[in-house]
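K.L.:
Got a sequence here, can you build the structure:
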Amino acid sequence: MDIGIDLGTANTLLYARGKGIVLNEPSVVAVQEGSGRALAVGSEAKETIGRTPGSITAIRPLRDGVISDYDAAEVMIRHFVRKAVPGRRPRTRMVVCVPSGVTPVERRAIVHASRGAGARTVHLIEEPMAAAIGAGLPVSDPRGSMVVDIGGGTTEVAVISLGGIVTSRSLRVGGDRLDTAITDWVRKEHSLLIGERTAEDIKCAIGSAWPVPGHDELEHAAFTVRGREKVGGLPKTVDLKAGEIRAALDEPVEAIIAAVRGTLEECPPELSGDIMEHGIVLTGGGALLPGLDLRMASGTGIPVFVAEDPLDCVALGSGRCVEDFDTLQRVLEPASAR
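P.N.:
Down below sits the predicted model:
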């Protein structure tokens, strides 16, 4: 059984050969204090974030796209593989997606965690390459294709041609940073303390990066937030507007666009012409932020398109490699060499 894994900061997706995407769950582990025993993994563990007693800790094993808690990551991968592909797996090959900016130490941690979870061999593929394959871009052609993958912990910007990454940037800004920006804004402007789950709900409900034509109801919509007062410490309710959240998200969104501009500046002139003609493709959960494509197009002067299944592109790309190892072997990194 061959498995492709999109090991994301926010969610982990598993692609099984011949079956497609068989699992999509949050990258969270609930651990018992002292013993370190995992009590819940995935969706069950995410429900405990911000609600656990002192004896239980909800851990996110990955931060900024890389493993921050090795033991929890190994437990999580093993649990997901067993849940998605039950039974014996004596000769499992895994294709694991990694950010393009990870260090050799971080790569080895991912490889060792995957092997500890039962993989016989592990191959690594950089996330922007997997995203481009999953989005259906012609990565093997002598034509420049640009993909911007905005995940939970990182944003990957890359120009791809002839099956390789010509120029790329990995930015430690993603969905988590957007949530933090909302949390900080609400604390500063309304003296209200909220958790990361509430911030994510606000982002999904009324978050935007640019006024979207034809969505006037979003501009006038209000979102009622309940949290704890910063000074008095008592529960408090506040109504937030879309304009406020857009202002809160301005800094991280501008950082993503600056990374895109920087990548374009390093791109060879011939490939720049291809990108100008065919546009930039957005993938990842951040691509769903309303108005982000319009703002990026305004900031770069290049057409920007959102992929058909932005949340699944990286997993689908790793799945394509799993389905056809021989054809796509050159885009994979043999982990045994590291």
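K.L.:
which stretches of the stretch 151-300 of the chain form helices?
P.N.:
Along the stretch 151-300 of the chain, counting by DSSP state H, counting those that start in this stretch, helices occupy 175-190, 196-206, 216-220, 242-248, 250-265, 269-278, 292-300.
K.L.:
Could you tell me the least trusted of those?
P.N.:
Note on these: helix 216-220 shows the lowest mean pLDDT, a mean of 74.
K.L.:
what distance separates that helix from the centre of its chain?
P.N.:
27 Å (CA atoms, centre = their mean, to the nearest Å).
K.L.:
list the buried ones in it?
P.N.:
Neighbour-count burial for helix 216-220, counted by 16 or more other CB atoms under 10 Å, picks out residue 218. To be clear about C-beta, it is placed using only N, CA and C from the backbone, and glycine gets the same treatment.
K.L.:
Tell me where the stretch 1-150 of the chain has helices.
P.N.:
For the stretch 1-150 of the chain, helices defined by DSSP H, counting those that start in this stretch occupy the ranges 43-46, 70-84, 104-116, 127-134.
K.L.:
on that earlier part again, now render the helices of the stretch 151-300 of the chain as CSV, adding distance to residue 163.
P.N.:
Shown next, in CSV, are the helices of the stretch 151-300 of the chain (distance: least, CB to CB, whole Å):
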stretch, distance to residue 163
helix 175-190, 29
helix 196-206, 35
helix 216-220, 40
helix 242-248, 39
helix 250-265, 18
helix 269-278, 14
helix 292-300, 25
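K.L.:
for those helices, which one sits closest to residue 34?
P.N.:
helix 196-206 (24.8 Å; CB to CB).
K.L.:
Quick check: phi and psi at the closest residue to residue 298 other than its chain neighbours.
P.N.:
Excluding the flanking residues, the one nearest residue 298 by CB to CB, 6 or more residues apart in numbering is residue 210, at 7.4 Å. Backbone torsions of residue 210, given as degrees, to the nearest 10, read phi -160, psi 140.
K.L.:
In this structure, what helix or strand scores lowest on average pLDDT?
P.N.:
strand 333-334 (a mean of 56; mean pLDDT, DSSP states H and E).
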